[in-house]
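Undergrad: Got a sequence here, can you build the structure:
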Amino acid sequence: QVQLVQSGGGLVQAGGSLRLSCAASGRTFSTYAMAWFRQAPGKEREFVAAISWSGSLTTYADSVKGRFTISRDNAKNTVYLEMNSLKPEDTAVYYCAAKQGYGSTTAGAFGSWGQGTQVTVSS
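TA: Coordinates of the predicted model:
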């Protein structure tokens, strides 16, 4: 498994932008599919976006499609989530996650998790 350390996030006004980063330790990062999930207070953790090990495949939740972009830099062992046109309903703790193999959007399928970072969007 890989160890994941997140950075970024914070407070932004509606319509603004933020970028989250997730740095992985270990030499096998490039073999892992990566994803972002989020969890709002009182709600279950939900899928946001995923990217294959090569970066050639991406999947997005309908709620963020066209506004968020997931990307990765395997040379830097880092995955990113660029968030634009943020809405108050995007407010949540965001988590990055890693797993072998691409295709799942279920939190239970991911074995490695970052520590979480708060994103707050004010109206």
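Undergrad: quick one: the strands in the protein?
TA: Using DSSP state E, the strands of the chain run over 4-8, 10-13, 18-24, 32-39, 46-51, 58-60, 68-73, 78-83, 92-100, 112-113, 117-122.
Undergrad: tell me, what residue is most central in this protein?
TA: For the chain, the residue nearest the mean C-alpha position is Trp36 (2.4 Å; C-alpha atoms, centre = their mean).
Undergrad: For the residue nearest to it when sequence neighbours are not counted, give me its contacts.
TA: Spatial nearest neighbour of Trp36, excluding adjacent residues (C-beta to C-beta, 6 or more residues apart in numbering): Val48 at 4.3 Å. For the C-beta atoms, the positions are set from N, CA and C on the backbone; glycine is no exception. Listed by C-beta atoms under 8 Å, 6 or more residues apart in numbering, the contact partners of Val48 are Ala35, Trp36, Phe37, Arg38, Tyr60, Ala61, Val64, Phe68, Leu81, Tyr94.
Undergrad: How many residues are close by the nearest residue to the fifth one once chain neighbours are set aside?
TA: With C-beta to C-beta, 6+ apart as the measure, Ala49 is the residue that lies nearest to Tyr60, at 4.9 Å, once sequence neighbours are left out. Other residues near Ala49 come to 24 when the count uses other C-beta atoms under 10 Å.
Undergrad: ok, what's across the strand from the residue nearest to the centre of the chain?
TA: Beta-bridge partners of Trp36, counted by DSSP bridges, are Ala49, Cys96.
Undergrad: Tell me who's in contact with it.
TA: So Trp36 contacts Leu20, Cys22, Val48, Ala49, Ala50, Ile70, Val79, Leu81, Tyr94, Tyr95, Cys96, Ala97 (C-beta under 8 Å, 6+ apart).
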